[in-house]
Each structure stands twice: as C-alpha cells, then as structure tokens.
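Student: give me a model of this one.
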Amino acid sequence: MSIVVKGVSKFFGQQAAVNNISFEIGKGEIVGFLGPNGAGKSTTMKMITGYFPASSGSIEVNGLTVDVDQLETRKIIGYLPENNPLYLDMYVKEYLHFVGGIYQIKNCKKRVEELISMVGLDIEQNKKIGALSKGYKQRVGLAQAFIHDPQVLILDEPTSGLDPNQLVEIRSLIKLLGQEKTILLSTHIMQEVEAICDRIIIINQGKIVADNPRELLHSPEQSQTVYVEFEGAIHVGVLTKAPGIKNAKSLKNGWLLEGDGHADLRKIVAQLAQEQGWLVLTLRSERKSLEEVFKELTKKK
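Tutor: Predicted structure coming up:
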C-alpha cells in the first residue's frame with residue numbers, strides 16, 4: 001500500500017481534530033476525502049505529508065514512516081495545501097524554477113516547460129503570480145506539487161477557483177496522473193468525486209464514518225425505491241397493497257414505490273403488471289445521490 005494510516009489521532013490541547021482513524025490507499029488509486037468543514041480532512045492530509053506530527057498512531061508512505069523518515073517521505077509526496085501559499089512577487093517560471101531547485105531536479109528548465117504546458121499556464125507563464133486570477137494561481141500550485149514527479153499526491157481542494165472549462169482540464173489531468181500515482185484529494189464538489197475518484201472516504205467530527213460509500217449507493221437496500229408509469233388506468237388498491245411494496249406515492253404521471261427490502265422491487269412491479277395486464281411505460285430504480293448519502297452520514301447528532 002502507498003499510504004497506510006493506523007489508529008491516528010491529533011489533539012490540539014484537549015480538542016481532538018482527528019480521533020483514531022485508519023485507512024489504506026494503494027498505488028494507482030484516486031481517493032476522494034470528503035467531510036464538512038472542520039471534520040479533520042486538512043489536518044489528516046498535513047499529518048500524511050509530515051507537516052503536522054500525529055499525537056498517536058502511525059502513518060506510512062511507500063513503506064516509510066512519516067514521523068521517522070520525514071525528509072525521504074517529502075521527496076516522494078507532492079502536496080497542494082488548501083490555502084495554496086505562493087510567492088506573489090515572483091514570476092510563474094521563476095517560481096517553478098525555484099521549487100525545482102529545492103528538489104534538485106535535473107534538467108529543471110525542461111521540466112518547468114513540461115509542467116507549464118501540462119497545467120495550461122502557457123499564456124500566463126511570464127506574469128507575476130500576484131497578477132494571476134485565482135484559477136491560474138491554483139494551476140501554479142498544482143504545477144509545484146507535480147514538479148518533482150512524486151509517487152504520491154495529496155491535493156487539498158485542487159480545483160478551487162477554477163472555471164468550468166478549467167475544471168474539466170484539471171480533472172482530466174488528475175485522472176491521467178492517477179493511472180500511475182496514488183492520489184488523495186479533498187473537495188466539496190460531489191460531481192468531481194463521482195467523475196474522477198475510484199473510492200471515497202468520508203470523515204466527520206474527526207472519525208471515519210464511511211469508506212467507499214459507493215457501496216451504499218449500489219447496495220440492495222438502495223434499489224428498493226422505484227418510479228413506475230403505467231399506460232391507462234390501474235387498480236390502485238392492488239398496487240398499494242401488493243406484497244413487497246411498503247409505500248406507494250402517487251405522482252403526476254406515475255408512482256414512487258418503496259419496497260420492504262426483501263426482494264428486488266423492480267421484479268415485484270414487473271410481475272404484478274404482467275399478472276394484472278398493465279402496460280409499463282417506465283420502470284427505473286431511484287437511488288440516493290452521493291450528496292444525500294454524505295448529508296446522512298455527516299449530519300449533526
């Protein structure tokens with residue numbers, strides 16, 4: 001595994017920002033790290049990068065213990081912090097050469113040119129960073145995170161401030177990089193998670209509340225609500241009292257049916273329609289969205 005987090009906690013005084021969390025991420029995996037503000041996402045990312053020491057537990061990156069091998073782990077990690085600190089008085093190319101020099105990159109000039117093209121900074125490369133829009137500053141931050149060709153990428157809100165066209169480009173870049181690298185990214189954009197992530201981890205109040213909730217979205221329970229439209233009139237009592245149907249809500253053009261969870265509701269409806277001679281025009285499962293699952297798992301108790 002590229003990232004192994006075991007029983008990690010982080011306290012600030014008496015306050016637990018992260019409370020005994022564990023997860024593993026493998027090579028070539030893009031994992032979305034979700035949670036409401038203050039849930040512990042950024043703190044966890046900072047511990048993985050070695051920026052914060054853990055109060056307890058252990059973190060390994062490519063077999064190296066972060067607290068012990070700090071210098072070596074930083075060589076293999078690319079990190080884009082949430083606030084994206086940049087030297088605003090430096091020019092884009094100047095800044096990337098500066099970062100490349102810190103990592104002692106061979107043929108730094110060629111690498112900088114590659115990155116400028118990769119993240120779409122061509123037309124802005126000769127400007128001062130302070131003169132750039134938020135979206136282009138974010139691209140500079142991504143470029144510095146990629147510059148040393150790290151094996152692991154930790155990206156905290158990587159698409160913050162990007163316009164819709166830029167979003168598509170950067171998502172595609174992250175997806176491409178994820179074929180070879182391990183990527184952990186946080187975001188509040190659910191469509192982004194569904195578009196590029198192989199797996200999702202949700203944290204709330206410092207604790208992991210779900211690891212890969214995609215399984216929740218596609219579990220048998222989630223297929224127990226269906227929308228159905230029939231042609232012509234049907235016997236309502238037969239539909240609402242049929243075995244396996246718990247609730248039936250009449251809508252403008254059809255019915256929203258909820259099953260009791262013991263069988264595939266689509267089969268029940270199809271069989272009932274066949275027995276009654278009803279013509280089905282539409283029959284589809286109504287699944288919860290990732291946003292709905294997220295809200296359920298992170299609601300205040």
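Student: need the contact list for the residue nearest the centre of the chain.
Tutor: Closest to where the C-alpha atoms of the chain average out (Cα atoms, centre = their mean) is Gly32, at 2.3 Å. Taking Cβ atoms under 8 Å, 6 or more residues apart in numbering as the criterion, Gly32 is in contact with Leu185, Ser186, Thr187, Glu192, Val193, Ile196, Cys197, Arg199, Ile200, Ile201. For every residue, glycine as well, the C-beta is placed using N, CA and C.
Student: doesn't Val31 make contact with the first one?
Tutor: Read it as Leu185. Yes: the criterion here is Cβ atoms under 8 Å, and Leu185 meets it with Val31 at 7.4 Å.
Student: common neighbours of the two, please.
Tutor: Listed contacts common to Leu185 and Val31 are Cys197; contacts here mean Cβ under 8 Å, 6+ apart.
Student: tell me the phi and psi of the residue nearest to the centre of the chain?
Tutor: phi -90, psi 130 (degrees, to the nearest 10).
Student: partner residues bridging it?
Tutor: Taking DSSP bridges, one obtains Leu185, Ile200 as the residues bridged to Gly32.
Student: how much space separates it from His188?
Tutor: In this view, Gly32 and His188 are 11 Å apart by Cβ to Cβ, to the nearest Å.
Student: what is in contact with these two at once?
Tutor: Joint contacts of Gly32 and His188 (Cβ under 8 Å, 6+ apart) do not exist.
Student: now for the chain, the helix or strand with the poorest mean pLDDT.
Tutor: Least confident helix or strand, the chain: helix 214-217 with a mean of 56, by mean pLDDT, DSSP states H and E.
Student: buried residues, whichever helix or strand comes after that one. List them.
Tutor: As assigned by DSSP states H and E, the chain's next helix or strand after helix 214-217 is strand 225-231. Neighbour counts over strand 225-231 (16 or more other Cβ atoms under 10 Å) mark Thr225, Val226, Tyr227, Val228, Phe230 as buried.
Student: and what of stretch 154-165?
Tutor: Residues of stretch 154-165 classed as buried: Ile154, Leu155, Asp156, Glu157, Pro158, Thr159, Ser160, Gly161, Leu162 (neighbour count, 16+ other Cβ under 10 Å).
Student: how about the strands of the stretch 101-250 of the chain, start to end?
Tutor: 152-156, 182-186, 199-204, 207-211, 225-231, 245-250 (DSSP state E, counting those that start in this stretch).
Student: run through the residues that contact the closest residue to Gly178 other than its chain neighbours.
Tutor: Of all residues not flanking Gly178 in the chain, Ile30 sits nearest, at 3.9 Å (Cβ to Cβ, 6 or more residues apart in numbering). Counting by Cβ under 8 Å, 6+ apart, Ile30 touches Ile174, Lys175, Gly178, Ile183, Leu185, Ile196, Cys197, Asp198, Arg199.
Student: which of the residues you listed lies closest to Gln104?
Tutor: Within the contacts of Ile30, the smallest distance to Gln104 is 24.0 Å, found for Ile183 (Cβ to Cβ).
Student: for that closest one, which residues are in contact?
Tutor: Counting by Cβ under 8 Å, 6+ apart, Ile183 touches Glu29, Ile30, Val31, Val152, Leu153, Leu155, Ile174, Leu177.
Student: now the buried members of these.
Tutor: If we count by 16+ other Cβ under 10 Å, those have these buried: Glu29, Ile30, Val31, Val152, Leu153, Leu155, Ile174, Leu177.
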